[in-house]
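Asks: Give me a model of this one.
(4 chains)
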Amino acid sequence: MEEKGEEILNRTVIRVENLGKDYQIRKRTERFWKDIFSRQYEVKKAVEDVNFEIAEGEIVGYIGPNGAGKSTTIKMLTGILQPDRGQVFVNGIQPGKCRVDNAKNIGVVFGQRTQLWWDIPVKDTLHLMKHMYHIPEQTYQENLKLYSDILGLGEFMHLPVRQLSLGQRMRADIACAILHNPQILYLDEPTIGLDIFVKENVRGFIHEINQKKRTTVILTTHDMSDIEKLCSRVMVIDQGRIIYDGSLLDLREQYGHMESIEAKGVWDDVFLEEIKRLPSVSVTQEENQIMIQYDSRKVDSDKILFLLMKNQRICDIKVHEQSLDGIIKQLYVCKEVRENGIFRVY
Amino acid sequence: MVIANHINKAFLEKQVLRDVSFHIKEGERVGIIGVNGSGKTTLMQILMGVLLADSGYVRVAGEKSWERQGKRKTRIGFVSPRQSNLHPDRTVEDSVNLCKKMYPKAWKVSESDLESIDYVKECLKIKDIWKEIRSSLSLGERMRAEFLYAVMMNPHLLIMDEPTTGMDYEMRTREYECLDYFRKCHKDMPVTVLLVTHSIQEMEWLCDRVIAIHHGQIIFDGALEYLQQRYLSLGKICFEIEEGALHFHDMPINKYEMDGKRVQIIFDKRYVSANIILQQLMEEAVIKKIRVLDMDMETMIRNLYQENQSPSSKP
Amino acid sequence: MVYLEYIKNAFKSQMYYRMNWGMKIMGIILSIFLQLCLWNVLADDHSDIVSMSYMVEYILLGCMVKSLTASNVVDLVNGHIGSGQIAMDMIKPIRFQLYMFCESLGNGLFSCLFEYFPIVVIFSIFMKSFGLWGRIDIFFLASTFLGLCLYFVLAYCLALTGFWWTQTWILGRFLNDLVGLFSGKMVPVWMFPEALLAVSRCLPFQHMYYTPISMVLEDFTLMQKCSLLGVQLFWCLFFLFLGKVIERRGMYRLQVQGG
Amino acid sequence: MKLYTELLKTLFKSKMEYRFNFFMEIFINIFTYVVTYIGIWVLIRRFGSIAGWDFYELMLLYNFNLFSYGAACFVLYIPMQSLEEMVRMGDFDGVLVKPMNPFLYLLMRQGYFGFVGHLILGFLVFGISLSHLQLEITAGFLFDMVLKLTGAVLLQSAVLIFTGALSFRFVRALAVRNVFIYTIREFINYPVSIYPKVLQVFLTVIVPYGFVNFYPVEALLNKQDGMLPLWLADGAGLLLGLLLAYLGYCFFMSSVRKYQSTGS
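Replies: Residues are numbered from 1 along each chain as shown, chains lettered A, B, ... in the order given. Now for the predicted structure:
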């Protein structure tokens, strides 16, 4: 049932309704003989009633600790895995049921494993892709030219994948995944192992492709700077459940309270006592540097700064908001979320 | 601990290392940053004795690094996602026990030694991968096992090449805590650490000295703070104006942006310090949600490299 | 000694793959059965040339010897060189050649004790050839061990070409084919026509498989047994030395050129 | 199919860059089987014949097995062999993402030209053995042989597909595979008639390796050694081959679906 939804600005591309998946894990007992005959399995809930919708053109960050069910959800979206419970609709198609139709308009890039043919040049692989996705000649040439400009493929187009550096291989993988103008692009840790500059280039490519072709991008990564620079929306999954689904700013509003001030200078105890009296403030001192942690909901930074200004002998001040990593780590731990289940912010 | 003078290395007439010299003292923690292919991995392999420098003088704890490994006394721990200490089809437990047997005299079996190992095991949650065969481990899990293996041999020198790839944030912090703890309980013979990494947070957290390599040359070798001052001179203050108006012309700042209530000021830390500007701002208006930040580390590194395209400029 | 530890480790690691173990046993049973049927047919038609009981003992002893020489030495050593794992081995305080020897010995011991030995015992009961066990003496064991070392050292030299060339599995298969023919796995050496016999006498392959068996089946005098052991030892030392030279050159190249 | 020929061209080009390796691969395949032929020759020189089959008949029998194995492996060996590694490492997901039949995509994924060695040796030995056997080589005879050969190739492919698909169900499927492809296939290197009745039934009904080379060659040389009557042995090879190859393919696709439901 195609979602016509004119009133929604952009078409819902992906709709997931209480998705569930369980894994059987073979318990490995100690003794050698017992293992052969008795095969106990324990059922582990990998993904537990996950619901979300992704509109066209969105860049969604999908993060969670190792083994939280992140890759399982992505596998179900791309049709690699059949869901045990619930349904998935990608452009109205159920990927699990008609995998081939779904595969026609999605592109997948794995960070650690390449999909290119190992010992033939990149140019030939792209040519093969033309045949595989039945791309009309005209769009093929057009895309080829466009992507070789954006991704700078020209310099290593004729080289086999074997001789490419990690950064070049990643660019070739991306080109290969978007040659057929997919509506949805799944990126599985694309920036792993790359250095800062290549990371920045890759992020630039993804952003540009999203703007030009309005491709929906789903990005799973451990690198929070990817999320900050690229994603308009973030979904956090832990132990199989989605525990946050909303925009980055709202995430900071909701959970990013613990700010910190670092100040270098000469301090005397009387002065420090005064700051400690402020609500929810904790001060730690290392020689001439003090670190003040406080909850921005309870006390605002300018009150503390006002106090600090009184002490003349300061040489440097830094006021940090909580890093995204810290916020998400707090999200896993903080009990409050667990009670009211999924916390949805639009 | 490590002495390296005028090392040169070329692969198939491509000069990978040009006149690299540096010294590392006992127990120092040094970070090495550099772009992919800048030669930092080659440098690691030379220090470990796997590769032979074309010319130059290399000594690790007084021994020639490419000595026949049978006779070598110094123990070097190596952690890298590309190469593994563990045997592909053995469980982690087997490989680690093998390591213990290989370096019998490494452990003086003092109380603190055993305790540190248990701490590392517990902290990195090694229990759940203890019985797994290496080939069935994910990248993150394997790196934890590698770290344990390297720590197990109680190394004099610990070389880590991007040790936390594939790990999520929480596991990364655990690994750093392990390293700190491991160093603390070895007061008498602290471990020298060489960390190759791309992430600056790791650098800030662990290292007190930084060596930057670009196109095979060392372009910076000094304390991290110095690197920040030298190349990260720009600071940023952003805040919201509650009431009162501000005119920024007479303030010593580079530039400012206003959109509605939110204001962003960029100033040069070499000429003026943040607190002076803050004082001026506070006197003239009531401002809320103040942020005082450095420009992010990536720009720092970019400045470092741009400035050093020319021949190496030592501080 | 850490090398002992390696042997135990290699031995234990074979335990993890139970499916492998089950299948290997089936494979061994089938291959022995094949040889028995073949020789049964041949022995019936031409009982003058060969007697069935002799052949049964030949096959069973052959299995004992074959089990110890793990046939994938070249792939094992080349795996380390190819994947750059050798760089890690060089840091460890062990000698690479001895480390590889222990690995293959561990595998060999496991397959000998757990896979071949039970089957050979069952077959010997089934084929009622009990005399065999009485005649196994120290010479047979020594000669088997020497044959094992000879095979390893020879394979090690070939595997070291991994420093210069990537496709060393071809050499590995080449070696196994030659050994398969000349060492008498398919056909006992004394059945070879003169021309082939002369060739195989000057090649080392014969000593890996046929010599240990002939220690038991042919009734050599003490002198002949010692001389055969001497020849085996000579070949072992020759290839050991050759291996050392190639290894030093290879390691040097590795240190200059990189993995 | 155009896609597949396209890939073969590019793969061949890339392989030719390493001429030395390419020819070495072919050489080693030829060498291995030449050594086995020498082994058989030594046996025959000493014993005259095996169960009534003289040297050239044995060569024809062996060569049937060799040629069909080479042809089947040329297409299927590497894809099925690498399947286990792909499933374990999770690379198989990359295959499932492509908009085409996973089986065909797998065939395209790797190419290996070493099996050309089998085919070259096969043609050579056919030439030698047929010229020495006193058989009138008519067009009909050749056509009959080609039919039997295709039957044999299909049978070999069916076995390769079946054992390959096991990688989806067991973690360590390679061991099972090796037993089938190498150990059991050894049995048909010699006339099946020399084995006890039980084994002959096994080789004819349960694992139809007998139909690969014994029964077709028996029909060609109209010897009556095996259990099956001649007329059945003649045509059965081709029909069985088609049936089993199709069954193998269905088994493969159902294993892929099973993989999709349980995950790696």
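
Asks: and B:Ile159, bridged to which residues?
Replies: B:Phe78, B:Leu194 (DSSP bridges).

Asks: I'd like the distance from the worst-scoring helix or strand of chain C on mean pLDDT to the chain centre, please.
Replies: In chain C, the helix or strand scored least confidently by mean pLDDT, DSSP states H and E is helix C:131-135, which has a mean of 71. Here helix C:131-135 shows a centroid-to-chain-centroid distance of 22 Å under the convention Cα atoms, centre = their mean, to the nearest Å.

Asks: which is the next helix or strand following that helix?
Replies: Using DSSP states H and E, the helix or strand that directly follows helix C:131-135 along the chain is helix C:138-159.

Asks: when you scan whatever helix or strand comes next after that next one, is anything in it near chain D?
Replies: Using DSSP H and E, the helix or strand that follows helix C:138-159 in sequence is helix C:168-182. Yes - Helix C:168-182 reaches chain D (Cβ under 8 Å from any Cβ of the partner chain) through C:170, C:173-174, C:177-178, C:180-181. (Each C-beta comes from the backbone N, C-alpha and C, glycine too.)

Asks: Give me the mean pLDDT for stretch B:127-135.
Replies: For stretch B:127-135, mean pLDDT rounds to 79.

Asks: Check stretch C:79-87 too.
Replies: Stretch C:79-87 carries an average pLDDT of 81.

Asks: likewise stretch D:203-216?
Replies: For stretch D:203-216, mean pLDDT rounds to 80.

Asks: can you give me the offset of that stretch from its chain's centre?
Replies: Using Cα atoms, centre = their mean, the mean C-alpha position of stretch D:203-216 is found 12 Å from that of the whole chain.

Asks: then that stretch to PDB, C-alphas only?
Replies: Provided in PDB are the C-alpha atoms of stretch D:203-216 (Å, rounded to 0.1, in the frame of the first residue of the first chain):
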ATOM      1  CA  LEU D 203      27.800 -45.900  -5.700                       C
ATOM      2  CA  THR D 204      24.900 -46.400  -8.000                       C
ATOM      3  CA  VAL D 205      21.900 -45.400  -5.900                       C
ATOM      4  CA  ILE D 206      22.800 -43.300  -3.000                       C
ATOM      5  CA  VAL D 207      25.800 -41.300  -4.400                       C
ATOM      6  CA  PRO D 208      25.400 -41.700  -8.200                       C
ATOM      7  CA  TYR D 209      29.100 -41.500  -8.900                       C
ATOM      8  CA  GLY D 210      29.000 -44.800 -10.700                       C
ATOM      9  CA  PHE D 211      27.000 -43.100 -13.500                       C
ATOM     10  CA  VAL D 212      29.700 -40.500 -14.000                       C
ATOM     11  CA  ASN D 213      32.100 -42.900 -15.600                       C
ATOM     12  CA  PHE D 214      31.700 -46.600 -15.000                       C
ATOM     13  CA  TYR D 215      28.300 -47.300 -16.500                       C
ATOM     14  CA  PRO D 216      28.700 -45.000 -19.600                       C
END
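
Asks: who in the stretch 51-200 of chain D is up against chain B?
Replies: Within the stretch 51-200 of chain D, the residues that sit near chain B (Cβ under 8 Å from any Cβ) are D:Arg88.

Asks: Could you list the low-confidence segments of the stretch 51-200 of chain D?
Replies: Along the stretch 51-200 of chain D, the model assigns pLDDT under 70 to residues D:111.

Asks: next one: the stretch 201-346 of chain A
Replies: A:311-313, A:334-346.

Asks: for it, what spans make up the strands?
Replies: A:216-220, A:233-238, A:241-247, A:258-265, A:281-286, A:289-295, A:314-320 (DSSP state E, counting those that start in this stretch).

Asks: The second one pairs with which strands?
Replies: With DSSP bridges as the criterion, the sheet partners recorded for strand A:233-238 are strand A:59-63 (parallel), strand A:241-247 (antiparallel).

Asks: what does that strand rub up against?
Replies: In this structure, residues lying in contact with strand A:233-238 by Cβ atoms under 8 Å, 6 or more residues apart in numbering or on different chains are A:47, A:50, A:52, A:58-65, A:68-70, A:73, A:227, A:242-248, A:251, A:328, A:331-332.

Asks: Which residue is the nearest non-sequential neighbour of whichever residue of the stretch 1-150 of chain D sits closest to chain A?
Replies: Of all residues in the stretch 1-150 of chain D, D:Pro99 sits closest to chain A, at 3.7 Å by Cβ to the nearest Cβ. Once flanking residues are discounted, D:Pro99 sits nearest to A:Ala103: 3.7 Å by Cβ to Cβ, 6 or more residues apart in numbering or on different chains.

Asks: try A:Ile178
Replies: Distances taken as Cβ to Cβ, 6+ apart place A:Gly107 nearest to A:Ile178, at 5.0 Å, with adjacent residues excluded.

Asks: give me the element that neighbour is part of.
Replies: Here A:Gly107 sits within strand A:106-110, counting by DSSP H and E.

Asks: and the stretch 151-259 of chain C, which residues reach chain B?
Replies: Contact residues (Cβ under 8 Å from any Cβ) of the stretch 151-259 of chain C with chain B: C:252, C:254-258.

Asks: swap the cut-off to 10 Å and go again
Replies: Residues of the stretch 151-259 of chain C found near chain B (Cβ under 10 Å from any Cβ of the partner chain) are C:248, C:251-259.

Asks: same thing with the stretch 1-150 of chain C?
Replies: The stretch 1-150 of chain C has residues C:1-2, C:4-6, C:8-10, C:12-14, C:16-17, C:79, C:83-96, C:98, C:103 near chain B, with proximity defined as Cβ under 10 Å from any Cβ.
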